[in-house]
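Colleague: quick one, structure for this:
(chains A, B, C and D)
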There are 4 protein chains.
Amino acid sequence: MSFKEGDFVLLVAGDRRYVKRLSKDFSLNLKDRLLKLEDVVGRNPGEVVKGFCLLHPTLEDVILLGFDRKTQIVYPKDSFYIAFKLDLSREKRLLEFGVGSGASTAVFSRLAGEVWAYEVREEFYRLARKNWEKFDLCKNVRLENVDFSVVDLEYGYFDAVFVDVKDPLPYLDKVWKVMKPGGAFSCLLPTTNQVSSLLRDMESLFCHVEVVELLKRPYKVNPDRLRPQDLMTAHTGYLVFARKRI
Amino acid sequence: MSFKEGDFVLLVAGDRRYVKRLSKDFSLNLKDRLLKLEDVVGRNPGEVVKGFCLLHPTLEDVILLGFDRKTQIVYPKDSFYIAFKLDLSREKRLLEFGVGSGASTAVFSRLAGEVWAYEVREEFYRLARKNWEKFDLCKNVRLENVDFSVVDLEYGYFDAVFVDVKDPLPYLDKVWKVMKPGGAFSCLLPTTNQVSSLLRDMESLFCHVEVVELLKRPYKVNPDRLRPQDLMTAHTGYLVFARKRI
Amino acid sequence: MSFKEGDFVLLVAGDRRYVKRLSKDFSLNLKDRLLKLEDVVGRNPGEVVKGFCLLHPTLEDVILLGFDRKTQIVYPKDSFYIAFKLDLSREKRLLEFGVGSGASTAVFSRLAGEVWAYEVREEFYRLARKNWEKFDLCKNVRLENVDFSVVDLEYGYFDAVFVDVKDPLPYLDKVWKVMKPGGAFSCLLPTTNQVSSLLRDMESLFCHVEVVELLKRPYKVNPDRLRPQDLMTAHTGYLVFARKRI
Amino acid sequence: MSFKEGDFVLLVAGDRRYVKRLSKDFSLNLKDRLLKLEDVVGRNPGEVVKGFCLLHPTLEDVILLGFDRKTQIVYPKDSFYIAFKLDLSREKRLLEFGVGSGASTAVFSRLAGEVWAYEVREEFYRLARKNWEKFDLCKNVRLENVDFSVVDLEYGYFDAVFVDVKDPLPYLDKVWKVMKPGGAFSCLLPTTNQVSSLLRDMESLFCHVEVVELLKRPYKVNPDRLRPQDLMTAHTGYLVFARKRI
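Modeller: Residues are numbered from 1 along each chain as shown, chains lettered A, B, ... in the order given. Got it, this is the predicted structure:
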């Protein structure tokens, strides 16, 4: 249970957080505190060394602090919610396209039985693979480097779908086809104009349509001066949910 | 795949949503539309009958529309987030006490390997059992009708803990003991005073403490008149997260 | 200073608030407490009689509790902000059209030197007049029962403009003409589609464009159980601000 | 009406905004655009010169961009709301203490008849004076460099009070005394602990107590990509309102 070489560790010191691999050349320098490999190896999770609390990183820590990114990721606050809204479970098969850095897939794959994922941009396809391999994630994900529009899939094959591409409209008919009747659809869109356009196109294909925003407001944790933090993320995207109508 | 007697069905008509069992005496009357058993049996999910879209209910639908409640439940927007913040997975063992109507347990049990749950009030103990049995949930949950303070548990047995009782302070030392070093703790508290008190008591026992609020803002789904709904739930509770320090 | 017949009084009992005129037939019945004229006349503001705190109503109280309404009003939280964003002062002349029940005008008129107001629907024209006369407000407002598009006004006559009509687009050119160069424009719009359309049309006519939402989150005032109220108004409208470009 | 030497000008270029005096040595350098005195003098408000829109600054612009600050100011979104909640008008006398940089006083003085203001820290007393003189504000304000607790004031002299000091509790009895019966009280507090303490002490002295937060959510103004800005101010303070009870 104690940390050993090769493990990943979450290091917490006040507001600073790091996810690092305990490799030969590990070291972390914060102000005048220098943490080296021998300071961490053999220690238990929950120990505090030189002001750093040593912990096993959660999936959220890994995504936010460990993943390489080349674009905006789907934030955990959103993907956690989407995962359950799509009613994912071990019996369910999810289709996801527009995988990006692989952050949302890593969340969905924990809850779903299997995930079929498509990413057309080779750079991102490689990035998602790299992120997953590094942290030993997404064993139940089949990722292909191809546009969803050209994939050959059966009618009614997926219980759930998540779409995160710039313009989902051209894919909507095909998405509908590969979903099970009554299946769960979700899409993340940054602008109101996109939401309006999607809602318009969805009208005849889907029912039980919902649009929500999730706002996360973090607090300063001083018990005698409890108050929200000064700044917060004001927008990540609009979440659209619906069910396939037949 | 089509609906048959005994199934649960989610019925959606505009803003109205119902979760019902397709029993012999099933009927649903909305304005002048009367839906009977024979209207639904044999139909497929996603079909629209007399203005009702017929769907398999998701876990969220079941909790919000199917569960009996005798108190405030942990809302899905919160329990979805907590489930992932606790880093639940099939390898993890969760302790939960203050089970109430069993809403949060139903969410956690989907992601966790096993859940050990305690509810001291017999009325709620029975209610949670009834809700779970009705919807065939929580097979990996051991629920006991006893106060957490009297349960005999090993040191370091749980990967994660969720507490939803009026006053968590008296339980904090024992919670700490039964958690694995570095394990994940969460608590839901309605008032700022409770948050301050908990933070004070946690200071020496936990590290990596976070307090957040999650706000869900639903929109009206008219594509040509996109706008937030007039009213929203402004508060469910403050979510406290931390990791066991040793 | 004490209350006399004919005065308006704000009555506060717990969460219940009323604005009433102390007329001959005044009476207020709440649960088993009956308040009559003789209970209030001769009392001072700040006195508590039969559980009701007696107060002079503020402008906000008058608008929210004393005005008759036939539509959605501009909420004080919004009109207070707009009044200052328009930089109203005694030296400034404001144009307002789409007066509705007269709620926003009552706020603006307190800060502005003079207000020229237009309301095309006779029913609302009469309602605004009635509300203002009842509470002796808006002495510096010239209200006409006519559509703004047919009014004959000088170029560059107004320091500031507030528009609250269903579709402001057809009026935009004329608004621009009657504003002083660099003058301040504001508009309240309920939907994102309207905001997009207005922004598009404003682009060549205005500069320094801003769009904001103001959210007011009320708390329960129990010092030992401080927490937000359960429900809040989630949307009143999007506030658009800009300055006339020449 | 056109800009002349000595005037203040608001310069807007995209998201960048500046309030500057048109003095002999005025110049503004943004990227490769250099704006000099002769570029602005003689121009009209609303003109665009070298990509800068030239405008008369509003009171909000002056406070946010023109005032020197040495502490957190009361943000206009809050002071605009407080000014009207206190029901300020030309007939009303306001007491304010804890003036700081003078930002809130500048807002209140526009609506109130007169303002009696106290600031105990000499540095801030001078700063407020300097800010007001620079922009020719607060002619109806009597500011003294003294702690409110030592000022000799009549019972029931003020219609309204605004308090913005670190710890308002020691002043509460005196505040109550100098207020008119039924008068309006407001206080801005950053932490929940302070709100609880104040509410506790106010209970016997005040009625009609309200606590609110105001959140301002700004949008990006692209009509084809309408969406909230990425970040927002998540907290300025809790606003407490009440009326003097007798």
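Colleague: could you find the closest non-adjacent residue to the residue nearest the centre of chain A?
Modeller: Most central in chain A under C-alpha atoms, centre = their mean is residue A:104, positioned 2.6 Å from the mean C-alpha point. Spatial nearest neighbour of residue A:104, chain neighbours left out: residue A:74 (3.9 Å); criterion: C-beta to C-beta, 6 or more residues apart in numbering or on different chains. (Glycine included, C-beta is placed from N, CA and C.)
Colleague: neighbours of that neighbour, how many?
Modeller: 27 (other C-beta atoms under 10 Å in any protein chain shown).
Colleague: show me which residues of chain A sit near chain D.
Modeller: A:190-193, A:217-218, A:224-235 (C-beta under 8 Å from any C-beta of the partner chain).
Colleague: narrow those to those in strands?
Modeller: Using DSSP state E, A:217, A:218, A:227, A:228, A:231, A:232, A:233 are the members of the residues of chain A next to chain D that sit in strands.
Colleague: could you list the domains of chain A?
Modeller: Per the record, chain A has its domains at A:8-57, A:65-244, by automatic domain parsing.
Colleague: and residue A:207, what does it touch?
Modeller: A:242, A:243, A:245, B:12, B:46, B:48, B:53, B:55 (C-beta atoms under 8 Å, 6 or more residues apart in numbering or on different chains).
Colleague: what's the answer for residue A:237, then?
Modeller: Contacts of residue A:237 (C-beta under 8 Å, 6+ apart): A:74, A:78, A:188, A:189, A:190.
Colleague: one more: residue A:113?
Modeller: A:89, A:90, A:91, A:92, A:93, A:140.
Colleague: for it, which non-adjacent residue is closest in space?
Modeller: residue A:90 (4.6 Å).
Colleague: re earlier: and the ones in strands among the residues of chain A next to chain D, which are buried?
Modeller: Neighbour counting with 16 or more other C-beta atoms under 10 Å in any protein chain shown marks A:217, A:227, A:228, A:232, A:233 as buried within these.
Colleague: keep only those of the contacts of residue A:207 that are in strands.
Modeller: Per DSSP E, the subset of those in strands is A:242, A:243, B:12, B:48, B:53, B:55.
Colleague: ranking those by neighbours, who comes first?
Modeller: Counting by other C-beta under 10 Å, top hit in those: residue B:55 with 26 neighbours.
Colleague: quickly list what that one is bridged to.
Modeller: Beta-bridge partners for residue B:55, by DSSP bridges, are residue B:10.
Colleague: wait, it touches residue B:8, no?
Modeller: No. The criterion here is C-beta atoms under 8 Å, and residue B:55 misses it with residue B:8 at 10.0 Å.
Colleague: do the top helix by length along chain A and chain B meet at all?
Modeller: Counting residues, the longest helix found in chain A (DSSP state H) is helix A:122-134. No. For helix A:122-134, no contact with chain B is found by C-beta under 8 Å from any C-beta; the gap never falls below 15.2 Å.
Colleague: for that helix, C-alpha coordinates in PDB please.
Modeller: Output of helix A:122-134 as PDB, limited to C-alpha atoms (Å, rounded to 0.1, in the frame of the first residue of the first chain):
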ATOM      1  CA  GLU A 122      -4.800  11.900 -35.700                       C
ATOM      2  CA  GLU A 123      -3.100  14.200 -33.200                       C
ATOM      3  CA  PHE A 124      -5.900  13.800 -30.800                       C
ATOM      4  CA  TYR A 125      -6.300  10.100 -31.400                       C
ATOM      5  CA  ARG A 126      -2.700   9.600 -30.400                       C
ATOM      6  CA  LEU A 127      -3.000  12.000 -27.400                       C
ATOM      7  CA  ALA A 128      -6.100  10.200 -26.000                       C
ATOM      8  CA  ARG A 129      -4.300   6.800 -26.400                       C
ATOM      9  CA  LYS A 130      -1.200   8.200 -24.700                       C
ATOM     10  CA  ASN A 131      -3.200   9.600 -21.700                       C
ATOM     11  CA  TRP A 132      -5.100   6.400 -21.200                       C
ATOM     12  CA  GLU A 133      -2.000   4.200 -21.400                       C
ATOM     13  CA  LYS A 134       0.000   6.300 -19.100                       C
END
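Colleague: what's the next secondary structure element after it?
Modeller: Toward the C-terminus, helix A:122-134 is succeeded by strand A:141-144 as the next helix or strand (DSSP states H and E).
Colleague: using PDB, list the CA coordinates for that following strand.
Modeller: Extracted C-alpha coordinates of strand A:141-144, given in PDB (Å, rounded to 0.1, in the frame of the first residue of the first chain):
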ATOM      1  CA  VAL A 141     -12.800   1.400 -25.000                       C
ATOM      2  CA  ARG A 142     -12.300   0.700 -28.700                       C
ATOM      3  CA  LEU A 143     -10.900   3.900 -30.100                       C
ATOM      4  CA  GLU A 144     -10.500   4.400 -33.900                       C
END
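Colleague: name the helices or strands packed onto the following helix or strand past that strand?
Modeller: Sequence order places strand A:158-163 as the next helix or strand after strand A:141-144, per DSSP H and E. In terms of contacts (3 or more C-beta pairs under 8 Å, 6 or more residues apart in numbering or on different chains; DSSP states H and E), strand A:158-163 is packed against strand A:93-97, helix A:172-178, strand A:179-189.
Colleague: those: which one's closest to chain C?
Modeller: Distance to chain C, taken as C-beta to the nearest C-beta, is lowest for strand A:179-189 among the helices and strands packed on strand A:158-163, at 12.0 Å.
Colleague: the residue in chain A that chain C sits nearest to: what's it in contact with?
Modeller: Distance from chain C to each residue of chain A (C-beta to the nearest C-beta) is smallest for residue A:192, at 3.7 Å. Taking C-beta under 8 Å, 6+ apart as the criterion, residue A:192 is in contact with A:238, B:226, C:192, C:193, C:195, C:196, D:226, D:227.
Colleague: which bits of chain A sit near chain C?
Modeller: Residues of chain A lying close to chain C (C-beta under 8 Å from any C-beta) are A:192, A:193, A:195, A:196.
Colleague: widest-spaced pair of those?
Modeller: Between any two of those, the greatest separation by C-beta to C-beta is 7.3 Å, found for A:193 and A:195.
Colleague: buried stuff in stretch A:14-33?
Modeller: Buried residues in stretch A:14-33, counting neighbours by 16+ other C-beta under 10 Å, are found at A:17, A:18, A:19, A:20, A:22, A:26, A:28.
Colleague: tell me how many other residues crowd the closest residue to residue A:24 other than its chain neighbours.
Modeller: Among residues not flanking residue A:24 along the chain, residue A:37 sits closest, at 6.9 Å (C-beta to C-beta, 6+ apart). The local packing of residue A:37 (other C-beta under 10 Å) involves 14 other residues.
Colleague: so residue A:37 touches residue A:20, yeah?
Modeller: No. Using C-beta under 8 Å as the test, residue A:37 is too far from residue A:20 to be in contact (10.1 Å).
Colleague: what touches both of those two?
Modeller: residue A:26.
Colleague: quick one: mean pLDDT over stretch A:232-246.
Modeller: The pLDDT scores in stretch A:232-246 average 97.
Colleague: beta partners for the nearest residue to residue A:219 once chain neighbours are set aside?
Modeller: By the measure of C-beta to C-beta, 6+ apart, the closest residue to residue A:219 outside its immediate chain neighbours is residue B:211, 3.9 Å from it. Beta-bridge pairing of residue B:211 under DSSP bridges involves residue A:219, residue B:240.
Colleague: show me what contacts residue B:211?
Modeller: Going by C-beta under 8 Å, 6+ apart, residue B:211 touches A:218, A:219, A:221, A:226, B:195, B:199, B:238, B:239, B:240, B:241.
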